[in-house]
Each structure stands twice: as structure tokens, then as C-alpha cells.
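Trainee: I would like to see how this sequence folds:
(2 chains)
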Amino acid sequence: MNFKFSEEQNMLKDSVARYVQDDYDFETRRKNAASADGFSREQWQTFAELGWLSIPFSEAQGGFEGGATDVMAVMEELGKGLVVEPFVATVLLFGGLLSKSGNAALQEAYIPSIIDGSLQGAFAYLERQSRFELADVKTSARREGGNFILNGEKTVVFNGAVADKIVVSVRTSGGQSDETGISLLLVDAKAAGLSSTSYRLMDGQLVANLTFDNVTVAADQLLGDLDEGFTLMKSVIADVTIAICAEGLGIMQKLNAITIEYTKTRKQFGVAISSFQVLQHRMVDMFMAAEQTKSLLYRAVCSAEDQSDELEKNVIALKVMVGRVGKLIGGEAIQLHGGMGMTDELDVGHYAKRLMMINTSFGDADYQQQKFTALVAGAA
Amino acid sequence: MDLSFSAEELAFRDEVRAFLNDAWTEELASLMGSTETFKEGQIEWQHRLNKQGWLAPDWPIEHGGTGWTSTQNFIYETERSAVGAPGTLPFGLKMVAPVIYGFGTEEQKQRFLPKILNSEHWWCQGYSEPGAGSDLAALQTKAELDGDDYIVNGAKVWTTLAQYADWIFCLVRTDSSGKRQDGITFLLIDMNTPGISVNPIDSIDNHHTLNEVVFDNVRVPVANRIGEQDKGWTYAKSLLAHERTSIAGVSESKRKLRKLRELLATEVNGGVPLSQDTMIQSRIADVEIELMALEYTELRVLASTAAGEGPGVESSLLKIKGTEIQQALQQLYMDLAGYYSGVIQGDMSAESIGHDFGSEARRAYMYGRAATIYGGSNEVQKNITAKYVLGL
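Mentor: Below you'll find the model as predicted:
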């Protein structure tokens, strides 16, 4: 039994950590997020050169064949740097769907372009009414000869304003909330009838609402089986959930370190405020919360690597914890920084905002807790 | 990352299960469950463990230890608490014994260790005093040298199960001139020595566990001193650092959680089972998720210990989180019992009261308050973590 990274994984983690430290300071991040694309294409090319964009793909697909542990190692360090480049949207979500889709033609057509950094992707799964229910899909696709015709609207699509190709969850049969009857189609961002409105989230991400007005998609652009897209998206979203939780842990560790450092230098009443017991205990609570999060992350990653029966429960528990602890640590870090914590200039508030968006992504802590209860009750 | 046990470890787990299946019987459980026969039951349980050679796993092999790896220790503890079998009494086996084999003379080792193993000596711990709780170095019980004896005067308090004890290990003050920690001596004292009185302290769980032990001109041979005079603090501190993997109580909390979930199905409110109460469900989920995390926190500590690296920083939260979880479970247990959480059952049967866990829930909750106070209160644990882990 051990929780150690392999030598290769350590090298990967170190390379991301070094990059963040040397080439991704907070000003760079701020500039990248504010740019038209919402990230730096130049830095994205560097990610490609460093091999990071190939991590989750199989060797046959030209990838590094990394597992959940490798992704965790990378995401934790990206979190510490508050990296805004769309690694999650393009590589893990879009790339994950492609690589698990079983559609060899589409994999051959697009995975190499993800790996070499030339293709941006997105996954449009959310609708205005669906909130956190992934199976609530109204956007329709009706069959016409060799094509599907799409109509409907997707909202808050990560990387949706920039993506060249977009996987869209559509209803091909069944009722609005049925898990069966959802299919996943690959749509070109320039397709006729597809329009988008882009906007920003508080964590700096550029996202989009996409409207489909009789958009024609060839039937061979289907990922997975017709009507069975839900299983595929659920599996990929579980992987991505672990990944953003690892990012969240990186942020928590960073916030804790920044806060400890600040309280040791900030003087009031003639002493460093770190000497106050009430603040010490709050920082111990922050430390314990991050360590408990790390433990659940390891638990989820180990069960993902083994594909154990406990995987679903572990991922849900992790997401609950990251949501709750993220709000605790984000809020406490701001509080312990006092007035400085309120400034946009300081990175603390930006880390806290990313933690809040991680909480919301793929279902917040309250929603996940209800899923946890239902799962446990179902197993009893 | 690899969480699997080796084939040898799995074989060991089977061996533990087989042993527990034979040794931990319902008869023994009921013996230990009653106040009158508790001591007898505890000693019988320790006899069975000793016969198996498993009473003192962490002792050096030459004194009767098992030489288990920390993973084996973990497997044993997990299996033991999974079947509800109790631990061993810590005072002799885990508290004074390491001090004796670590710092005692050869004569002391020969004299005391075998009698701890065969349960002939029941030990209790004389540390806290009315004026020295979290601030232990403030202790004032005095020992003055008189020929070959020390003469001890003072009082120890919160002494757990002292009413059964044959021996007490004490920290006493032998010098008040210098730094407080420097004038403390570690003494082993026979409870039958004239001048010792044990006064019961009734506690909020309506049971007698705690005591005050008063020393009135008690003569203790110098031969019963551990190590050097005035150096007792060092010996006691090394004991505090002694690794205790089961401190988090994860397996026991898992067992209690399973029990709570069973009760949810049978306890009803206006005819509706509590398993349909979303508020209770949500609270249980909160605890279970923290417990799932703590289980892996403990595994992380174990893995780094097994790799010979010593426990990492995460070990500092085992006691705090572990006891918080225990108390949250005790609170839920009380709440499930409703009105019956107030019942003091005494000799009455559960049938005659009409409820079978209310009294137990009350007692567990009330006694459970102690967990965040003893062994260094959770507030003191946070002070220590702030200083030594966070560098504040």
C-alpha cells in the first residue's frame, strides 16, 4: 500500500509546478483571462510542446496514456497557478468524450489536433432549465436521411466561444428528463444555424450560450451509440469531476500557504497577527479541511484507477467536500487578509472565486449530497 | 498509488478474523457490558489476547510484542473494531509499559512487564491535578526524598478506573526552583500503600469511571522511580509522541454509522420511518463523508509510517477529526432515540421500558464528551498543530 507518485508522475507534476512558478505569475494570468479568447494561445502551444495536452489519450491515439493519478498531478499544480487555459474543456471534457466514444474515425480526425494544440473543443451539456440534472435535455435532433437536424439552446458552455468543435447533448428520443434517448453529436462551430453569445464567469473563464436553429449534422458525427449518450457523458464527467477537485485542492493549498504567510508578516497591536490564538485555530481548521479533501481525492483517484464499485460514491463524496471546504477556505482566506482580501489586485479573491465555480461545476455540494443520500439508500 | 494489501497481509487478515470469531464471544461481551462484571470481563478478554500473543503488538519482541508491521497493526485494529471487540486497557499496556521498557532498569522491566501482560497489575494514570489540566507542567503533587523513599503528598484527578487499579504511574514535583518542566519525576506507586485514598467522581453519564486519588504522606521506594530524578517530563513526553494508529477510531465509527443506518429504517415518526427524514439523512451524509476522508487520512499516515518515513503532517488531525466524528455520531444516536434518549435504564430490561437503545445512546453521548477533553483537549491539539505543523 502506498500513496506515492511514480517517478514519471513526479516529473510531470514538477514540470507543471515549475512552469507555473516561472512562466505563469498572477499578472500573466490576469492578462490571459482578459484577452479576447480568454486565454493565451501562445501558452497553449507551450502546453502542447510540453506534452501536457496528450496526457489522457492512449498511446495508440498518440497520447501519454495517463490515468486519474497523472491528471490529478497536473490539475493540482494548474490549480495553484490559477491557470485559465482551457485544459479541462478541451482536453478532459471534449477529448475525454472523443476518446471514450468508440468512434475511431472521429478519434483519428481530431485527437491529434488536440494533442498538437491546434484544435479547441467544448462540451455543451447544460440548458437553462436543467440546473444540475445532466439528463434534462430539450435540445432536439431529428433524423433526416443521413443527417440530424438540431434545434434548441445550450447555456454556460465552457470554452464555447472559442471552440472549433463542440460535442452537444441532444434528445433523440424519450421524455425531457429520461436518461435514455440522449445522444452526443459533434458539431462544427461554424455550422450554419449555430449562433453564440459569449460572456465571462467570475473565475475569468470565457463561456457561451449556443443557439441551434435547424443545424445540420451528418449522422457519422455521433459519439457512442444513438440514445445512449448519457452513459458516456456521465463517465467522462466523473473523470472531470475528480480533475477539477484536484485543481480545487491545489487552490486550497495555495490559499492556506498565502494566508499563513500573510498573518506572519501583518502586524497589528504591535505583533504579528499570526500570534493570535483565534486566528491560529482558524488556520488549523483550514489546514485540516484541505488534508481531508486530499484524502478523499486520493480515495476517488484510487477507485478510478481500479474502476472499483465504490467509484461513484467516492466521487460524489469528494465533490461535496470540495464544495463545502472550498467555500470555507476561500471565505477564511479573504477574512484573514482583512481589507486587503477585498481588493481585486490581490490574488486571494480570484482563487476564492475559482473555488466557487468549481463548487457549481457538475453539481454543487448540496445537490451532490442529495445524490450521496440517494445512492446510499439505494445500496441498502 | 496502490492501495491493495499483499497476499501475506490478506492471509494475516484471515488469521485475525478466525481468532476474533473464536475469542470474542457474546458471553464475553455481556460480561463486559455490565458494571458489576466489567473488570472480570476485561481481564478475561486480555487473557485470551495474551494467550494468542497479541496483547501488546507494539512492544519490543523480546518483551512480548508481535513485531507486526504498521499495516498488520492497522488490519488487526480494523477487524477488531468491525466486530465490536474492545481494545485493551491502555494505562498499563500502552502508557506505562513503553516508559518502563524505554527508560526503566532491567529489574523494573522484569518486575512489571510480565504482570502487565498477564493482567495481574491493573494500572491507572496519575497526571492531571486540580490545578494542572491542559497545562500539565503546573502539577504540584510533591515528592520529597527521605532515605530510600520518596514521601508523596498531593492529589491527582480524573483518574480513569482507579477504583480497580493495583498500580498508578505518577508525575510528581521534586524541584520547584527552575523551569517548571525540569523538576518533575516519574514514579510507579503501589495503590495498596498506606496514605492513598481513592474518591469516586460521579460523571454526567451516571457511571463511575473517574476518580480523585489523594496522597497523604505516601512512602514510595526510590527503586520505583523511572530514570533520573527531575527528568520525568522527558519520559512522559516521549510517550505522548508514541504512535497510536487507532487514535482516530475510524473502524468503530464506521460500525456505529452502520448501526445508525439500520435504526433509521426501524425508528418511526408518526408512522413514517426516519429513513425518509431528509434532515437526518443530510446530517448522516455529512458525517459519513468526513469519515470516508478520515479513513484515508489514516491510511496516508500508515503508508508513510510503513515506508519508514514517519507520520506526515496529516497525522495531527487524526485525534481532532476522529473525536469530532465520534461526537457527531453520538449526537445522531441520541436524536434517533427521541424521548428515550433521556432514559436511565439501570437494572430494568429494555422490554419493560419499551425501548432498547435510549439508555445506551445517552450514556455514549455523555461519556463521549470526554473524548475532546482527554489526551490533550482538541483546543490544545490545535495549538500544537498551529505551532509545529503550520509554523505559527
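Trainee: can you count the residues close to residue 128?
Mentor: Looking at chain A here, since you left the chain open. By the criterion of other Cβ atoms under 10 Å in any protein chain shown, A:R128 has 11 neighbours. Bear in mind the C-beta positions are built from the backbone N, C-alpha and C, glycine included.
Trainee: other chain: chain B
Mentor: 17.
Trainee: Same check on A:S35?
Mentor: 12.
Trainee: how close does it sit to A:G204?
Mentor: Computed as Cβ to Cβ, to the nearest Å, the A:S35 to A:G204 distance reads 10 Å.
Trainee: check which helix or strand covers whatever residue of the stretch 51-200 of chain B ends up closest to chain A.
Mentor: Closest contact between the stretch 51-200 of chain B and chain A, by Cβ to the nearest Cβ, is at B:T71 (6.3 Å). Secondary-structure element containing B:T71, defined by DSSP states H and E: helix B:70-82.
Trainee: got the buried residues for the host helix or strand of B:E360?
Mentor: Here B:E360 sits within helix B:358-368, counting by DSSP H and E. Residues B:358-368 are the ones in helix B:358-368 that count as buried (16 or more other Cβ atoms under 10 Å in any protein chain shown).
Trainee: circling back to that earlier point, pLDDT value on the residue nearest to the residue of the stretch 51-200 of chain B closest to chain A when sequence neighbours are not counted, please?
Mentor: Closest residue to B:T71 apart from its sequence neighbours, by Cβ to Cβ, 6 or more residues apart in numbering or on different chains: B:A306 at 5.4 Å. You'll see B:A306 listed with a pLDDT of 79.
Trainee: residues in contact with B:A306?
Mentor: By Cβ atoms under 8 Å, 6 or more residues apart in numbering or on different chains, the contact list for B:A306 reads A:1-2, B:69-71.
Trainee: try it again with 7 Å
Mentor: B:69-71 (Cβ atoms under 7 Å, 6 or more residues apart in numbering or on different chains).
Trainee: Show me which residues of the stretch 251-392 of chain B sit near chain A.
Mentor: Counting by Cβ under 7 Å from any Cβ of the partner chain, the positions of the stretch 251-392 of chain B adjacent to chain A are B:261, B:275, B:281-282, B:285, B:289-290, B:292-294, B:296-297, B:300, B:303, B:307, B:314, B:317, B:320-321, B:382, B:385-386, B:389-390, B:392.
Trainee: Now, of the residues you listed, which are buried?
Mentor: Using 16+ other Cβ under 10 Å, the buried members of those are B:261, B:275, B:281, B:285, B:289-290, B:292-294, B:296-297, B:300, B:303, B:314, B:317, B:320-321, B:382, B:385-386, B:389-390, B:392.
Trainee: Helices of chain A, start to end?
Mentor: Using DSSP state H, the helices of chain A run over A:7-23, A:26-34, A:41-49, A:68-80, A:95-100, A:104-115, A:229-265, A:277-306, A:311-336, A:348-360, A:365-379.
Trainee: quick one, phi psi at the residue nearest to B:T71?
Mentor: The phi/psi pair for B:A306 (degrees, to the nearest 10) reads phi -60, psi -30.
Trainee: Mind pulling the model confidence for B:S6?
Mentor: Taking B:S6 on its own, its pLDDT is 89.
Trainee: what's in contact with stretch B:267-277?
Mentor: A:377, B:264-265, B:280, B:336.
Trainee: Tabulate the CA atom coordinates of that stretch in PDB.
Mentor: Below are the C-alpha coordinates for stretch B:267-277, written out as PDB (Å, rounded to 0.1, in the frame of the first residue of the first chain):
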ATOM      1  CA  GLU B 267     -37.500   4.100  14.100                       C
ATOM      2  CA  VAL B 268     -40.600   5.900  13.100                       C
ATOM      3  CA  ASN B 269     -42.000   9.400  13.500                       C
ATOM      4  CA  GLY B 270     -45.800   9.400  13.200                       C
ATOM      5  CA  GLY B 271     -45.600   6.100  11.400                       C
ATOM      6  CA  VAL B 272     -43.000   7.300   8.900                       C
ATOM      7  CA  PRO B 273     -39.600   5.800   9.100                       C
ATOM      8  CA  LEU B 274     -36.700   8.200   9.800                       C
ATOM      9  CA  SER B 275     -35.000   6.900   6.700                       C
ATOM     10  CA  GLN B 276     -37.400   9.300   4.900                       C
ATOM     11  CA  ASP B 277     -36.400  12.200   7.100                       C
END
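Trainee: domain parsing for chain A?
Mentor: Under automatic domain parsing, the residue ranges defining each domain of chain A are A:7-120, A:122-227, A:231-379.
Trainee: Can you add mean pLDDT and distance to chain B and give the ones you listed back as CSV?
Mentor: Formatted as CSV, those follow (pLDDT from 0 to 100; distance: least, Cβ to the nearest Cβ, whole Å):
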stretch, mean pLDDT, distance to chain B
domain A:7-120, 97, 5
domain A:122-227, 97, 17
domain A:231-379, 97, 4
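Trainee: ok, how many other residues are close to A:G339?
Mentor: A:G339 - counted by other Cβ under 10 Å - has 6 other residues nearby.
Trainee: List the residues that contact the closest residue in space to A:G63 that isn't next to it in sequence.
Mentor: With sequence-adjacent residues excluded and distances taken as Cβ to Cβ, 6+ apart, A:G63 is closest to A:F57, at 2.5 Å. Residues in contact with A:F57 (Cβ under 7 Å, 6+ apart) are A:63, A:95, A:99, A:111, A:115.
Trainee: Tell me how chain B divides into domains.
Mentor: Split by automatic domain parsing, chain B gives B:7-88, B:122-232, B:245-389.
Trainee: Indicate which one of those domains is closest to A:V16.
Mentor: A:V16 lies closest, by Cβ to Cβ, to one member of the domains of chain B: domain B:245-389, at 22.0 Å.
Trainee: now the helices for the stretch 151-300 of chain B?
Mentor: With DSSP state H, counting those that start in this stretch as the definition, the stretch 151-300 of chain B shows helices at residue ranges B:232-240, B:250-266, B:278-306.
Trainee: Can you tell me which of those helices is packed in deepest?
Mentor: Stretch with highest mean neighbour count among these: helix B:278-306 (a mean of 21; mean count of other Cβ atoms under 10 Å in any protein chain shown).
Trainee: Give me the distance from that one to the chain's centre.
Mentor: 20 Å (Cα atoms, centre = their mean, to the nearest Å).
Trainee: Please apply the same query to stretch A:285-303.
Mentor: 18 Å.
Trainee: same question, stretch B:142-153
Mentor: Worked out by Cα atoms, centre = their mean, stretch B:142-153 lies 31 Å from the chain centre.
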